[in-house]
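Asker: Any chance you can model this:
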Amino acid sequence: GHDPWAPLGRASSLGAGAAPPMDVYSVAVAESWDREQALLTTTLVIMAAVATSVSYRARRWSPDGKGAHVAGEDPADAADLDGAEPAPKPTAVGAAQPLVTPTERVAIDRLRAALRAQLEAHDPTVASDLRVLRFLRGLPTEEEARAQFEGMLAWRKAMRMDEVSAAVQGLPLRGDALPHGDLIARFYPATLSAGRTRGGHLLSRELTGRADVPAIFKVVGKARTKEWFLHFFELRCLSMDRLSESEGRLVQNYQIKDLEGLRLAAVLSPDGRRGVALVKEILSTALACFPESVCKLVIINAPSYFTWVWAAVSTVLNDHTRRKVRIYGTNKERWLAELRQDLDEEVLRELGYVS
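Answerer: So this is what the prediction gives:
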């Protein structure tokens with residue numbers, strides 16, 4: 001039958017500056033394969049893909065059209081791994097971005113007017129100021145934002161996303177509240193809403209190193225996994241928009257990916273190739289249809305061999321996206337200092353990182 005995700009092939013124009021999905025399996029094939037190897041392979045690919053899901057905002061809207069530097073971001077590359085590469089000075093995300101500026105108001109009205117006919121077929125929340133604003137801030141130019149927004153509308157119609165939006169209305173931001181969430185939680189431990197940063201962003205934490213991705217394919221299945229992600233993307237977007245509206249600032253997602261538990265193994269397998277294909281679909285959706293959702297990604301407890309993974313991934317990332325990613329090894333003092341730039345001690349205690 002028809003794959004409902006197929007419209008992404010047409011609707012996911014990422015803009016000139018956006019990082020495309022990638023395949024990091026261009027490495028030697030090992031002979032042996034066990035559960036730990038399968039776990040590592042698929043998990044590393046997911047980590048690579050998630051890094052690119054941090055949306056592109058190299059040029060902010062400003063009256064002179066030249067854009068502005070994003071406050072609180074360090075221009076240094078963000079890799080640490082306990083001395084494997086020079087560690088950047090820890091940088092805080094800081095206060096959330098302000099809501100619509102006068103210049104952005106004009107751009108929002110222009111986009112709505114240009115797509116008035118298409119918007120009539122969708123729920124009004126799709127054309128809210130905040131939803132349009134994320135596209136304007138996530139793409140380098142207004143023209144690219146408009147084209148990507150139009151593609152998103154076509155995708156939502158094909159996917160019947162208005163029905164998904166209605167289904168998640170009022171739900172808590174928890175994985176087990178979504179379709180098949182209890183099943184997925186058995187193999188991928190994640191807390192979608194783990195508190196707030198000092199800047200007011202939503203915090204999430206995934207214990208990626210403990211994930212059992214092969215079991216997700218075997219027990220949950222590809223179709224149900226994609227259904228879960230569709231509901232998650234929509235629920236997260238609605239939740240952040242509600243908070244943004246009530247607090248008068250653009251709220252985004254601050255992500256922690258904890259790799260504790262990963263072990264060195266060979267890469268490439270039938271399950272691994274399936275994982276790459278699925279990640280590409282999910283990544284395309286996140287980038288094309290839910291831009292400017294993530295403000296910062298902190299990867300902690302990365303094993304030393306993660307450097308070659310990052311080397312392969314970072315070559316396809318634009319500089320702005322790379323500056324939003326922080327990678328730390330197993331030196332807790334170093335990654336904890338990074339987290340403390342944005343998180344209160346109480347939040348860190350709840351995460352189990354301090355006593």
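Asker: how deep is residue 99 tucked in, by neighbour count?
Answerer: 16 (other C-beta atoms under 10 Å). For every residue, glycine as well, the C-beta is placed using N, CA and C.
Asker: Relative to residue 181, how far out is it?
Answerer: Distance of residue 99 to residue 181, computed by C-beta to C-beta, to the nearest Å: 31 Å.
Asker: Quick check: closest non-adjacent residue to residue 150.
Answerer: Using C-beta to C-beta, 6 or more residues apart in numbering and skipping the chain neighbours, the partner closest in space to residue 150 is residue 115 (5.8 Å).
Asker: so what pLDDT did residue 239 get?
Answerer: For residue 239, the pLDDT comes out at 96.
Asker: so it makes contact with residue 201?
Answerer: No. In this structure residue 239 lies outside contact range of residue 201 using C-beta atoms under 8 Å: 11.7 Å.
Asker: name the helices or strands packed onto the top helix by length along the chain?
Answerer: The longest helix of the chain (DSSP state H) is helix 222-247. For helix 222-247, the packing partners by 3 or more C-beta pairs under 8 Å, 6 or more residues apart in numbering; DSSP states H and E come out as helix 129-138, helix 161-168, helix 181-185, strand 202-206, helix 270-289.
Asker: so which of the ones you listed comes closest to residue 93?
Answerer: strand 202-206 (10.4 Å; C-beta to C-beta).
Asker: between the closest one and helix 222-247, what angle do the directions make?
Answerer: Relative orientation of strand 202-206 with respect to helix 222-247: 150 degrees, computed using axes from the mean of the first three to the mean of the last three C-alpha atoms, to 10 degrees.
Asker: Convert strand 202-206 to PDB, retaining C-alpha atoms only.
Answerer: In PDB, the C-alpha atoms belonging to strand 202-206 read as follows (Å, rounded to 0.1, in the frame of the first residue of the first chain):
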ATOM      1  CA  LEU A 202      11.400  22.500  27.900                       C
ATOM      2  CA  LEU A 203      13.900  19.900  29.000                       C
ATOM      3  CA  SER A 204      14.000  16.300  27.800                       C
ATOM      4  CA  ARG A 205      16.400  13.500  28.500                       C
ATOM      5  CA  GLU A 206      16.900  10.300  26.600                       C
END
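Asker: other SSEs contacting that strand?
Answerer: strand 190-191, helix 222-247, strand 253-258.
Asker: try 7 Å
Answerer: Under the contact criterion of 3 or more C-beta pairs under 7 Å, 6 or more residues apart in numbering; DSSP states H and E, strand 202-206 touches strand 190-191, strand 253-258.
Asker: contacts for the longest one?
Answerer: Residues from elsewhere that reach strand 253-258 (C-beta atoms under 7 Å, 6 or more residues apart in numbering): 47, 50, 93, 197, 201-209, 236, 240, 293-301, 342.
Asker: ok, back up a step: how about the helices and strands packed on helix 222-247, which one is nearest residue 336?
Answerer: Of those, nearest to residue 336 by C-beta to C-beta is strand 202-206, at 13.7 Å.
Asker: how near is the residue nearest to residue 247 when sequence neighbours are not counted to residue 231?
Answerer: Excluding the flanking residues, the one nearest residue 247 by C-beta to C-beta, 6+ apart is residue 200, at 6.2 Å. Note on residue 200: its distance to residue 231, by C-beta to C-beta, is 24 Å.
Asker: Keeping just the C-alphas, turn stretch 332-351 into CSV.
Answerer: The C-alpha coordinates for stretch 332-351 follow below in CSV (Å, rounded to 0.1, in the frame of the first residue of the first chain):
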residue,chain,number,x,y,z
LYS,A,332,31.3,14.0,34.7
GLU,A,333,32.8,17.2,36.0
ARG,A,334,33.0,18.6,32.5
TRP,A,335,29.6,17.7,31.2
LEU,A,336,28.0,18.6,34.5
ALA,A,337,29.5,22.1,34.2
GLU,A,338,27.8,22.4,30.9
LEU,A,339,24.4,21.4,32.2
ARG,A,340,24.8,23.7,35.2
GLN,A,341,24.9,26.7,32.8
ASP,A,342,21.3,26.1,32.0
LEU,A,343,19.8,23.8,34.6
ASP,A,344,19.1,24.4,38.4
GLU,A,345,20.5,22.0,40.9
GLU,A,346,17.0,20.7,41.7
VAL,A,347,16.5,19.6,38.1
LEU,A,348,19.9,17.9,38.1
ARG,A,349,19.0,16.0,41.2
GLU,A,350,15.8,14.8,39.7
LEU,A,351,17.8,13.6,36.7
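Asker: Pull the number of nearby residues for residue 124.
Answerer: Counted with other C-beta under 10 Å, residue 124 comes out at 8.
Asker: again with residue 278
Answerer: Neighbours of residue 278 (other C-beta under 10 Å): 22.
Asker: so who does it touch?
Answerer: If a contact means C-beta under 7 Å, 6+ apart, then residue 278 has 222, 225 as its contacts.
Asker: For residue 231, see how far away it is.
Answerer: 16 Å.
Asker: what do you get for residue 103?
Answerer: Taking C-beta to C-beta, one finds residue 103 at 34 Å from residue 231.
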